[in-house]
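# Quick one, fold the following:
(one chain, ligands or ions: 2)
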Amino acid sequence: MIERRPRILVVAGTRPEAIKVAPLVLELRRYEAQVETLLVSTGQHREMLTQALSAFDLEPDLNLDIMQHGQTLAEVTSRALSGLDRLIAETKPDIVLAQGDTTTTFTAALAVFYRGIPFGHVEAGLRTPTIRNPFPEEFNRRAATLVTDLHFAPTQWAVDNLLAERVDPAAIFRTGNTGVDAVLSIAGKVSHDWFPEHKGRVVTLTTHRRENWGEPMRQIAIAARELLDEFPDLLLVVPMHLNPQVRATLSSVLGDHARARLIEPPEYGRFIPLMRRSALILSDSGGVQEEAPAFGLPVLVLRETTERPEGVEAGTAKLVGTDRALIFTEAKRLLEDERAYAAMAHAISPYGDGRASQRIRHIVLGRLGIETPAVAEVLA
Ligand code: UD1
Ligand code: UDP
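Ligands and ions are numbered 1, 2, ... in the order given. Modelled structure (predicted):
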C-alpha cells in the first residue's frame, strides 16, 4: 500500500478568514513534500472571499459555494455543516484548522468534532462579556473552543480567557495573530494613490455587523454625514460591504453627499493604502481594529463591546458604540484637537509580530509527527 502524506484542511468562508488563513496556508505549503495542505472554502462569501485570497495569489482547492442572498443564519449553518461533513468524509484529513468566529468557523469545528478528527482553532480565546454581542460571533467562538484540540491564541489576554474557562494549558499556544502576518506581508508590497485630487483629509468608514443592522447603522451614517458638514476639508470614504442590508442603509443616508465616496470594497492590497491615506477610521470591523494600530491610525470602534481590548488599552482604539452624538463628538475632538489626535496616533502592534503562521506551522506539523524549525523569538 502507498502511504500518503498527512493531509491538513484549512477551512475559510468569509473575507477576514481568507486574509487571516492565507499566510498560514502559504507557510504550511513550504513543507509540501512532507504534508498536503488543502484550502477549503464554504463559500459563505463569494466575491469578497475570492478578492481577499487574490492578494495572496491563492484560490480554494475545494469550494462548497453556499452563499445565497437573504439566507438566514440557520440556513448558512446547516448548508455549511452538511457540506463540510461530506467533504471531510471524502478527503479524510489528519487535522482541520479554521480561524476566528464566523458561522464557517463554528460549523467547521462541529463537523470535525462529529467526525472525531483533531481541530485547531486559529485566533482562539477572544471574548466579550455577553454571548449575544457580537452576534452571533461570540457564540461561534465559545462553541469552537469546546471542541478544539489546539488553541492558537493571539495574545496573553486571549490565553488568560481560555485558562479561565479551564482549557488544558498544554493545549494553548500564544502565537500572535496571523492577521499581523497578513498585513505586514502585503503592506510592504502595495501602493495606491487614493484620491490624489483631494488635498484635505480622508476619513474611512466600514460597518457590517449584524447587531448594527438597521437603526444603529443609520445613526453611524448620520454621525458621519454631520462630520462632513462640520469639516469642509473632509472626504468620507465608505467601502461598502456587499451585504444588501448594509448598502441600503449607507446609501440612503450618505449617497447624495458631495464629499461622501461610497465605493465597492477595495481588495486587500488596495484597502491597506486606503487606511494609510486616512486620518481617522470609523469601523465596527474586527480585522480593521487590529490593523489600524499597526499604522498608528486612530480608530473609533462602532460597537458596544470589543473582544480586542488590547488596542483600546494601548490607546489607539476607542470604543464609541453607535450613539450618533457620541460618535460625532469623539471624531470631532480628534479632527480638531492635535494633542488628542497625537495621543492616539502611535504605531504599535499589540496583536503579534508577524510570525504567528510560523509558530502555528511548527505546532501543527509537530502534532502530525513532522519536526520543523521553531520560531526563536518570544512574543513581547
Ligand atoms: C460574515 C460573518 C461575520 C464577519 C463578516 C466579515 C457570520 C454569521 N457572519 O458576516 O462574522 O465579520 O462576514 O465580512 O458568519 N454578500 C455578497 N457577496 C460576498 C459576501 C456577502 O453578495 O462576497 C452578501 C450576500 O447577500 C450574503 C450577505 O452579504 O448573503 C451576508 O453574508 P453573511 O456571510 O451571511 O454575513 P456577513 O454579514 O457578511
Ligand atoms: N478589508 C478589505 N477591503 C474592504 C474592507 C476591509 O480588504 O473594503 C479587509 C480589512 O483590511 C480586514 C478585513 O477585510 O483585514 C476585515 O474584514 P471585515 O471587516 O469584513 O470582517 P471582520 O474583521 O469584522 O470579521
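
# Check the protein for its longest helix and report it.
Criterion DSSP state H: the longest helix present in the chain is helix 73-91.

# Quick check: next helix or strand after that helix?
strand 95-99 (DSSP states H and E).

# Pairing partners for that next one, with directions?
Strand 95-99 has the following sheet partners, assigned by DSSP bridges: strand 7-12 (parallel), strand 119-122 (parallel).

# looking at these, which is closest to residue 70?
strand 7-12 (22.3 Å; C-beta to C-beta). Backbone N, C-alpha and C define where each C-beta goes, glycine included.

# how much does that closest one deviate in direction from helix 73-91?
Strand 7-12 runs at 160 degrees relative to helix 73-91, counting by axes from the mean of the first three to the mean of the last three C-alpha atoms, to 10 degrees.

# next one: strand 7-12 to chain centre, how far?
18 Å (C-alpha atoms, centre = their mean, to the nearest Å).

# Dump it to PDB, keeping only the CA atoms.
Output in PDB follows, covering the C-alpha atoms of strand 7-12 (Å, rounded to 0.1, in the frame of the first residue of the first chain):
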ATOM      1  CA  ARG A   7      -3.300  16.000   5.000                       C
ATOM      2  CA  ILE A   8      -4.400  19.300   6.600                       C
ATOM      3  CA  LEU A   9      -7.600  21.000   5.700                       C
ATOM      4  CA  VAL A  10      -7.700  24.700   6.300                       C
ATOM      5  CA  VAL A  11     -11.300  26.000   6.200                       C
ATOM      6  CA  ALA A  12     -12.400  29.600   5.500                       C
END
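
# Run through the neighbouring helices and strands of the next helix or strand after it.
Heading C-terminal from strand 7-12, the first helix or strand you meet, by DSSP H and E, is helix 15-28. The elements that helix 15-28 packs onto, with contact taken as 3 or more C-beta pairs under 8 Å, 6 or more residues apart in numbering; DSSP states H and E, are strand 7-12, strand 36-41, helix 47-54, strand 95-99, strand 119-122, helix 178-187, helix 286-294, helix 356-367.

# Mean pLDDT, distance to ligand 2 and mean neighbour count for the ones you listed - can I get that in a markdown table?
Shown next, in a markdown table, are the helices and strands packed on helix 15-28 (pLDDT from 0 to 100; distance: least, C-beta to the nearest ligand atom, whole Å; neighbours: other C-beta atoms under 10 Å):
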| stretch | mean pLDDT | distance to ligand 2 | mean neighbour count |
| --- | --- | --- | --- |
| strand 7-12 | 98 | 12 | 26 |
| strand 36-41 | 98 | 15 | 23 |
| helix 47-54 | 97 | 6 | 20 |
| strand 95-99 | 99 | 10 | 28 |
| strand 119-122 | 99 | 13 | 26 |
| helix 178-187 | 95 | 6 | 23 |
| helix 286-294 | 94 | 3 | 24 |
| helix 356-367 | 98 | 14 | 22 |
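
# among these, which is nearest residue 265?
Of these, nearest to residue 265 by C-beta to C-beta is helix 47-54, at 6.5 Å.

# Now do the very next helix or strand once past that closest one, average pLDDT.
Next along the chain after helix 47-54, taking DSSP H and E as the criterion, comes strand 62-63. The average pLDDT for strand 62-63 rounds to 98.

# Relative to the whole chain's centre, how far out is strand 62-63?
21 Å.

# could I get the helices and strands packed on helix 15-28 as a markdown table with distance to residue 216?
A markdown table is the format used below for the helices and strands packed on helix 15-28 (distance: least, C-beta to C-beta, whole Å):
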| stretch | distance to residue 216 |
| --- | --- |
| strand 7-12 | 28 |
| strand 36-41 | 30 |
| helix 47-54 | 22 |
| strand 95-99 | 27 |
| strand 119-122 | 29 |
| helix 178-187 | 25 |
| helix 286-294 | 17 |
| helix 356-367 | 32 |
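
# which one of the ones you listed lies closest to ligand 1?
helix 47-54 (3.4 Å; C-beta to the nearest ligand atom).
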